[in-house]
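Participant: Using only what follows, build the 3D model:
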Amino acid sequence: MKKYIWRAVTAAILIAVCTFLAGRYLFPAERLAVLPKPQVSEGERGQLGIDKNINESNIDDYLGRSDSVYRDMRMLIDPANYEAIGGDAYLSGFIKGFEVVPMPYLIPATGLPEAVGSSYTGTTLFSQNEDGEYVANYVESMDILEALFPKDKNIFLMCGGGGYAGMTKNLLVSLGWNEEKIFNVGGYWSYKGKNNVAVKTERDGKVAYDFFKVPYHNIDFSTLTAK
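Facilitator: Sure, this is the predicted structure:
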């Protein structure tokens, strides 16, 4: 009897050790560090709502978390002339783990730099009334938003320079999302990390964009029910 008890104890110890080692070395992304609370940067970056603690400089340290979702708010091709401010109107690349949701399909893009002109001006999921409140334009608008930005997750937002991400955060907070779970991590154009996925390339001496690489969430307004 003692022999069987000893075997059972030994097996239990081995399972516990293997589980610990697997969690420590094989699945490091699941050892979730405590996130700092969102804190807006100072100066011009603060005006865009870019976070002081988690941004382009260190977002690599916060990728792959099971308690979080990652959203890049750019369009594949933006009508605005972002080249005028050193950016790219085309989605030239993204950070691994981020999924693209075009912010100008959610709400109208306002307050853009004069040099870039206007962005997309078509149909949007939400609009603002005279009191500045966001109003759903479609029966499905809120369901789509909750599917793309789960309320039970931390939400990391970015775009080209930080503006679209800031607009998205303002939208979500206004509609009831927890502000302390949403991080505007800035702009892809300033990212120098190791998780870059290049979309812009060159073939036969011509610039090309491999949009097939992009995990893209399209919003097909023709399938929605207008209010």
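
Participant: can you give me the helices in the protein?
Facilitator: With DSSP state H as the criterion, the chain has helices at 2-21, 43-48, 141-148, 163-174.

Participant: Report the buried residues of the second one.
Facilitator: Of all the residues in helix 43-48, those buried under the rule 16 or more other Cβ atoms under 10 Å are 45, 48. (Glycine included, C-beta is placed from N, CA and C.)

Participant: Can you get me a residue count around the residue lying closest to residue 150 once chain neighbours are set aside?
Facilitator: Leaving out its chain neighbours, the residue that sits closest to residue 150 by Cβ to Cβ, 6 or more residues apart in numbering is residue 69, at 6.2 Å. The local packing of residue 69 (other Cβ atoms under 10 Å) involves 17 other residues.

Participant: Show me the beta-bridge partners of residue 69.
Facilitator: Bridge pairing for residue 69 (DSSP bridges) gives the partners residue 155.

Participant: what about it, distance to residue 208?
Facilitator: 29 Å (Cβ to Cβ, to the nearest Å).

Participant: Also residue 99?
Facilitator: 22 Å.

Participant: Between the two, point out the one with more neighbours.
Facilitator: Neighbours were counted for residue 99 and for residue 208 using other Cβ under 10 Å; residue 99 has more, 14 against 11.

Participant: how close does the more buried one sit to residue 142?
Facilitator: According to Cβ to Cβ, residue 99 and residue 142 sit 19 Å apart.

Participant: same question, residue 48
Facilitator: As judged by Cβ to Cβ, residue 48 and residue 142 stand 26 Å apart.

Participant: Residue 86 too?
Facilitator: According to Cβ to Cβ, residue 86 and residue 142 sit 36 Å apart.

Participant: higher neighbour count, those two?
Facilitator: residue 142 (14 against 9).
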